[in-house]
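1. sequence first, predicted model second:
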Amino acid sequence: MNHYYSFNDYVQQAFGQKLYKLSLNGGMSCPNRDGTLGSRGCIFCSAGGSGDFTPSPQLSVDEQIRAAASLVSRKARSGPYIAYFQAYTNTYAPLSYLETLFTQAILCPDIAALSIGTRPDCLSEPVLDLLQRLSCIKPVWVELGLQTIHPRTAAYIRRGYDLPVFDQAVQALQKRGLSVIVHLILGLPGESFDDMVQSAAYVGAALARQNLPAPALPIPPASGVKLQLLHVLQGTDLALDYKKGLFQALSMEDYFAVLFQCLEVLPPSLVIHRLTGDGPKSLLLAPQWSANKKLVLNAMRRAMDEADVKQGRLFQWPQ
Ligand code: SF4
């Protein structure tokens, strides 16, 4: 039984087959790292700019696609794939650079859709226009790292923009018929169960209330959320706070409890692109239970079935 509109269900419906994401590296930086807004990045962000599995940006787009495809070849012997520009902020470059990069990716015959990870404060009108033009060739999804709606947490993680900036970006993207995927982190220090669920409810309402124009292509929008467990990675400032004992990582039970409640408050039409995280095991400090993704997903499935049987009792947050 499926308890939510999963990414796999979506791609099957939209493309008629399973699609894998290829993580690519556009060779960009981030205003939170290059000194524009800050130099140490978001407190949880690894040195790889949250794109630790991407190929070298020295490779051409075609070479990166081939290299990334070989990494998923055990699961997918051939394409089509989703080209996912993941590392750092992928609209943080001159327009001509972005146009060349994204056009090379979207025109690749093995690529079915383009997914671009960026910040809502790095979406100028010319960039939005470019993304809209590209969406006439193949679907374009824009992934925004919001993580939380709460200002005190946003300040702690050094996100560097306020919530209205996110709201405006969502409206501008949806006005152009582009799919928006919002990243939320569950387990950020200082956040209560209710804080996390409020973030999910807010994002759900923001994505659902837009009057979407007909997409440029006859493929349903992929708008939705990535729900991610907070990973404490070695080498980050978050790891320093963790080692000082300033906060604890979520247990698996607590993560499932808050995750399931987030799923409850999200509109069922939204695609759930992720239910946990994919941090590099070599850097993972906590929580160690999250290192084996297969075990976590199996336990999650059992907990979902159990929650159905108990009719919601599992969703009670521990006192
Ligand atoms: S905006 Fe993204 S790439 Fe930049 S520091 Fe934050 S998480 Fe890292």
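-> Everything's here; your move.
2. quick one: the longest helix along the chain to chain centroid distance?
-> In terms of residue count, the longest helix belonging to the chain (DSSP state H) is helix 293-310. With C-alpha atoms, centre = their mean, to the nearest Å as the basis, helix 293-310 stands 22 Å off its chain's centre.
3. tell me what it is packed against?
-> With contacts taken as 3 or more C-beta pairs under 8 Å, 6 or more residues apart in numbering; DSSP states H and E, helix 293-310 sits against helix 252-265. From N, CA and C alone the C-beta is placed, and that goes for glycine too.
4. restrict the helix it packs on to CA atoms and write it as PDB.
-> The C-alpha trace of helix 252-265 is given here as PDB (Å, rounded to 0.1, in the frame of the first residue of the first chain):
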ATOM      1  CA  MET A 252      14.600   6.500  14.100                       C
ATOM      2  CA  GLU A 253      11.300   6.300  16.000                       C
ATOM      3  CA  ASP A 254      11.200  10.100  16.500                       C
ATOM      4  CA  TYR A 255      12.100  10.700  12.800                       C
ATOM      5  CA  PHE A 256       9.300   8.400  11.600                       C
ATOM      6  CA  ALA A 257       6.800  10.100  14.000                       C
ATOM      7  CA  VAL A 258       7.500  13.600  12.700                       C
ATOM      8  CA  LEU A 259       7.900  12.400   9.100                       C
ATOM      9  CA  PHE A 260       4.500  10.700   9.100                       C
ATOM     10  CA  GLN A 261       2.800  13.800  10.600                       C
ATOM     11  CA  CYS A 262       4.400  15.900   7.800                       C
ATOM     12  CA  LEU A 263       3.000  13.500   5.200                       C
ATOM     13  CA  GLU A 264      -0.400  13.900   6.900                       C
ATOM     14  CA  VAL A 265      -0.400  17.700   6.500                       C
END
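5. and the stretch 101-250 of the chain, which of its residues are near the ligand?
-> Counting by C-beta under 6 Å from any ligand atom, the residues of the stretch 101-250 of the chain close to the ligand are 119, 145.
6. in the stretch 101-250 of the chain, where is pLDDT below threshold?
-> 210-217 (pLDDT under 70).
7. mind listing the strands for it?
-> 111-118, 140-147, 179-186, 224-229, 232-233 (DSSP state E, counting those that start in this stretch).
8. next, the angle strand 224-229 makes with the longest helix of the chain.
-> Taking axes from the mean of the first three to the mean of the last three C-alpha atoms, to 10 degrees, helix 293-310 and strand 224-229 form an angle of 110 degrees between their directions.
9. could you dump the strands of the stretch 101-250 of the chain into a markdown table and include mean neighbour count?
-> Shown next, in a markdown table, are the strands of the stretch 101-250 of the chain (neighbours: other C-beta atoms under 10 Å):
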| stretch | mean neighbour count |
| --- | --- |
| strand 111-118 | 24 |
| strand 140-147 | 24 |
| strand 179-186 | 24 |
| strand 224-229 | 24 |
| strand 232-233 | 24 |
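10. now the ones you listed as TSV including distance to residue 35?
-> As requested, those are exported to TSV (distance: least, C-beta to C-beta, whole Å):
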stretch	distance to residue 35
strand 111-118	18
strand 140-147	19
strand 179-186	24
strand 224-229	27
strand 232-233	22
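11. give me the residues contacting stretch 46-60.
-> Residues from elsewhere that reach stretch 46-60, judged by C-beta atoms under 8 Å, 6 or more residues apart in numbering: 23-27, 29-30, 33, 41, 63-64, 67-68, 71, 86-89, 104, 117, 145, 233, 235-236, 278-280, 283.
12. mind listing which of these are in helices?
-> 63, 64, 67, 68, 71, 104.
13. for the closest residue to the third one other than its chain neighbours, pull up the helix or strand it's in.
-> Right, the one you point to is residue 67. The spatially closest residue to residue 67, leaving aside those adjacent along the chain, is residue 55, at 4.3 Å (C-beta to C-beta, 6 or more residues apart in numbering). Counting by DSSP states H and E, no helix or strand carries residue 55.
14. right, I'll call it a day here.
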